[in-house]
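Next comes the sequence, and after it the predicted model I'd like to discuss.
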Amino acid sequence: MSVRVEHLSSQSEDLWSVCVGARRIQFRNEQGAKDYAAKLKERIDAPHLYPYAVPIIDGRNRSK
């Protein structure tokens, strides 16, 4: 998944946005945007366990 930081020019102030897919999160300073993007990328790239279904036999969960 792509995570990128963009500078938004505005007449009143500089804004920065972190873009993730179609989502944009705006920040008032570049460092805040970069920190957020780095943490988000770290979480996306972290290993994740694939969830599995626990079989149900006779209406009861076998793991109990």
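Sure, I can see it. Since the structure is predicted, the reported quantities are computational estimates derived from the model, not experimental observations. Numbers count the residues shown, from 1 in each chain.

Please name the residues that touch the residue most central in space within the chain.
Centroid-nearest residue in the chain, with Cα atoms, centre = their mean: residue 40, separated by 4.6 Å. Counting by Cβ atoms under 8 Å, 6 or more residues apart in numbering, residue 40 makes contact with 3, 18, 20. C-beta coordinates here come from the backbone N, C-alpha and C atoms, glycine included.

before we move on, what about residue 26?
Residue 26 neighbours (Cβ under 8 Å, 6+ apart): 8, 15-17.

same thing but 7 Å
15, 17 (Cβ atoms under 7 Å, 6 or more residues apart in numbering).

cool, and residue 14?
residue 7.

Look up the pLDDT of it for me, please.
The model reports residue 14 with a pLDDT of 89.

Distance check, it against residue 35.
16 Å (Cβ to Cβ, to the nearest Å).

before we move on, what about residue 44?
15 Å.

can you check residue 18 too?
10 Å.

Between the two, which is the more surrounded one?
Taking other Cβ atoms under 10 Å, residue 18 and residue 35 do not tie; residue 18 has more neighbours (22 against 14).
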